[in-house]
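> Any chance you can model this:
(chains A, B and C)
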Amino acid sequence: MPELPEVETIVRSLKHGKAGPGLVGRRILRVQTRWPRHIEHPSLSTFRKRIKNQKVNDVLRRGKYLVFHLDLGTMLIHLRMSGDLRISPSNSERARYEHTIFNLENAWDLRFSDSRKFGRIGWYRDPANVLAKLGPEPLSDEFTPELFNQALQSRSRALKPLLLDQSFIAGIGNIYADEALHRARLHPLRISNTLSGGDTEALWRGIREALYDGIHHNGASIDWVYRGGEFQNHFRVYQREGDDCEVCATPIERIVVGQRGTHLCPTCQPEKGR
DNA sequence: CACGAGACCTGTTCGC
DNA sequence: TGCGAACAGGTCTCGT
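Residues are numbered from 1 along each chain as shown, chains lettered A, B, ... in the order given. Next up, the predicted model:
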């Protein structure tokens, strides 16, 4: 579910508080774990101690990670496929998939819902080691067309799996990879170091536009895991197999690339580049 | 270095 | 209606 725009939306809602108070300035009293494997670092017992009575001083996003600055150290949460985070009153009934619950002061909780149990939580004295493995933030000023071009030319990989590689560029997942490639009019199997300068520029732009669009619509809500986003109503190719391309009316195709469903317009995104 | 397959989990939807 | 297969927003590990 959560890619960069969805995580960004969640971070904003946690920070400023939609239903309930914002997280910033609140103290964590303790954590309840019904699925202990959510806690991947350090050990569960150490994690509990590190978290206990820590105040949340800030909530940020890096790639698809949520970054919680505590008084001492940093908590990272990765939502993976089915994770969601929200603030709920402590006296409200625990929902079916709320496997990990942080009790906050003043009877509020931070609840991690995760039906597929792929999500992970860690505490680090210094999270730099973990976050350093991520590629550039596509919406940052450092992510220039020049930098991107250099990165693309230094590899010889199909574009789709490259965009999904978090060490190459951070935050893009299956939805936004397909949407960005369609905007750039590039085939998902096109090899990175065959792009022209114009292609690179188009992809750079396509990535940023798709992500900004997603954030603007509060992310995409597809399955029963609903969070109030509406970017799903603006997909150009993702999950639109058989529907008309909005640019040229050709039916959208679905292929499999790197074991991931991949959606494209065969007219706008011809197999052989330009 | 690039790529494919299999794991990790659970739920929904599709085809017969 | 029932039942197995396919598929799902992510990432890691292993083998070639």
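> and the stretch 51-200 of chain A, which residues reach DNA strand C?
A:63-64, A:78, A:80-82, A:116, A:118, A:164, A:166, A:173-175 (C-beta under 7 Å from any atom of the strand). To be clear about C-beta, it is placed using only N, CA and C from the backbone, and glycine gets the same treatment.
> ok, those residues vs DNA strand B, which is closest?
Checking these against DNA strand B with C-beta to the nearest atom of the strand, the nearest one is A:R116 at 3.4 Å.
> separation between the residue nearest to that closest one when sequence neighbours are not counted and A:N57?
Among residues not flanking A:R116 along the chain, A:S82 sits closest, at 4.1 Å (C-beta to C-beta, 6 or more residues apart in numbering). Between A:S82 and A:N57 the distance is 28 Å, computed by C-beta to C-beta, to the nearest Å.
> how many other residues sit next to the closest residue to A:G63 other than its chain neighbours?
Once flanking residues are discounted, A:G63 sits nearest to A:A170: 3.3 Å by C-beta to C-beta, 6+ apart. For A:A170, the count of nearby residues is 23 (other C-beta atoms under 10 Å).
> tell me the secondary structure for A:A170?
coil (DSSP: H, G, I helix; E, B strand; the rest coil).
> got a list of what the closest residue to DNA strand C within chain A touches?
At 1.8 Å from DNA strand C, A:G173 is the closest residue in chain A, using C-beta to the nearest atom of the strand. Contacts for A:G173 (C-beta atoms under 8 Å, 6 or more residues apart in numbering) come out as A:2-4, A:64, A:164.
> same question, A:F143
For A:F143, the contacting residues are A:136-137, A:169, A:204, by C-beta under 8 Å, 6+ apart.
> Much appreciated, bye for now.
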